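*Asks:* Quick one, fold the following:
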Amino acid sequence: MSPCGLDADSTWHAIVAGRSGIARIQSFDPAEFASQIAGEVRGFDPEKYTERRKVREADRFIHFAIAASHMAIEAAGFAPSDEDKERVGTFIGVGMCGLETLEKVARVLFERGPRKISPYFIPATITNLAPGQVSMRWGFKGPSYTTTSACSSGAHAIGEAYRWIQRGDADAAIAGGTESAVTRLGVGGFTAMRALSTRNEEPERASRPFDKDRDGFVIAEGSGILLLEEREAAKRRGAPILAEILGYGATADAHHLTQPAPEGEGAQRSMRQALKDAKIGVERVDYINAHGTSTTQGDIAEVQAIQRIFGERAKSGLWVSSTKSMTGHLLGAAGGLEAVLGVLAIKNGAVPPTINLDNLDPDCEGLDFVPHEARQRKLDVVLSNSFGFGGTNVTLAFGPP
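*Replies:* The predicted structure is shown next:
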């Protein structure tokens, strides 16, 4: 579920076509906010995936997770036995919480008093009810928890699910991220930090990773979910295998609340760990789906990190792009969605573009950012980077099945 489409196919086709999902906010009147644009999931009906009587039990971020999980399970033809479900985990990262529900209930509290608070308030807003609702819906009884690490949340969830399967402690897992923070609190909070773009008259052109005229990121919502499965088990049941996870790196900057470490030092170690885990050299990496949020410090630090790790490869043969130029920044769901897009890049032999890259920041020179238009390419190894406030860094490595 993304600002570019209500499923993986429509999202992918919009991304490779370079179509932005950013527009003026529709879910509330943003007139009093400095930033009035976002990547909203438009046309989503939770009742397509959840019984009407149960919709009120969950905030929008949980509905997104249920919908994306449904599509992943269906696409994979995944129908384990009751016994096998005990070894299926659910790992879904969430960066914030149910802000929409939180705002509504706070209004009820202050206007009507505590006796009018809904009994569904807590279950609807706490983050672990994203994987919790998914595990209950399909009866998956393996490990179930939420990774909350700001904008690395979804990527951490995939990495942790990978580790559980790699260790032999689970056979399969639903893994990814979900987020719905396009609310007055979410937009107001990031605006107060002066983190968001205020290019309100040109929403489709507002997210500009690596461009010298960028003025902040664009907040967005949605969910990206993968079904991970142990290889031999997937082969035995004839699963439609799209890609293989090769490696996972996770580090901390230990540096600053919001700013990356100098020269992306933590990001360097994250990428290095993923490559070491995958037992591959830099020469095999063809494409990096960059974190690329459209913030000056973040973009520059990531470019410096890539150049330090890849050396000569960064100058020739390595393509880097930021799909956030089209989707906006899904916060805790970003790593999940971008992992999906990395897998689809491998499957379809295409690299998404970085749109709105009209005037390259001189501090970002030296990399091929695939500006404006997608390109065809058979891909060997794809990296997906996710970095978050607090100095948390994740890199995932994917390859063909």
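*Asks:* What's the separation between residue 240 and residue 379?
*Replies:* Distance, residue 240 to residue 379, using CB to CB, to the nearest Å: 18 Å. C-beta: built from backbone N, CA, C; applies to glycine.
*Asks:* ah, wrong one, I meant residue 5
*Replies:* Distance from residue 5 to residue 379, by CB to CB: 22 Å.
*Asks:* Now residue 13: phi and psi?
*Replies:* phi -60, psi -40 (degrees, to the nearest 10).
*Asks:* what's around residue 14, how many residues?
*Replies:* 19 (other CB atoms under 10 Å).
*Asks:* Run through the residues that contact the residue nearest to it when sequence neighbours are not counted.
*Replies:* Leaving aside its chain neighbours, residue 14 sits nearest to residue 4 (3.9 Å; criterion: CB to CB, 6 or more residues apart in numbering). Residues in contact with residue 4 (CB atoms under 8 Å, 6 or more residues apart in numbering) are 10, 11, 14, 15, 19, 20, 21, 39, 326, 327.
*Asks:* is it fair to say the third one lies in a helix?
*Replies:* In other words, residue 14. Yes. Under DSSP: H, G, I helix; E, B strand; the rest coil, residue 14 sits within a helix.
*Asks:* correct me, but it touches residue 326?
*Replies:* Yes. Using CB atoms under 8 Å, residue 14 is in contact with residue 326, at 7.0 Å.
*Asks:* which residues do these two both contact?
*Replies:* Between them, residue 14 and residue 326 share these contacting residues under CB under 8 Å, 6+ apart: 4, 21.
*Asks:* any idea of the mean pLDDT in stretch 11-26?
*Replies:* For stretch 11-26, mean pLDDT is 98.
*Asks:* which residues sit against that stretch?
*Replies:* The contact list for stretch 11-26, computed with CB under 8 Å, 6+ apart, reads 2-5, 30, 36-40, 42, 182, 187, 200, 203-207, 218, 220, 323, 325-328, 337, 340-341, 344, 348, 350, 352-353, 355-356, 372-374.
*Asks:* Report the buried members of these.
*Replies:* Neighbour counting by 16 or more other CB atoms under 10 Å classes 2-5, 30, 36-40, 182, 187, 203-207, 218, 220, 323, 325-328, 337, 340-341, 344, 350, 352-353, 355-356, 374 among those as buried.
*Asks:* which SS class is residue 248?
*Replies:* Under three-state DSSP, residue 248 falls in the strand class.
*Asks:* Excluding chain neighbours, what is closest to it?
*Replies:* In space, residue 248 is closest to residue 159, 3.8 Å off (CB to CB, 6+ apart).
*Asks:* Okay, and that neighbour sits in which element?
*Replies:* Using DSSP states H and E, residue 159 maps to helix 153-167.
*Asks:* Point out the other helices and strands that that helix packs with.
*Replies:* Secondary-structure packing of helix 153-167 (3 or more CB pairs under 8 Å, 6 or more residues apart in numbering; DSSP states H and E): strand 88-93, strand 172-179, strand 222-229, strand 244-252, helix 334-348, strand 381-388, strand 392-399.
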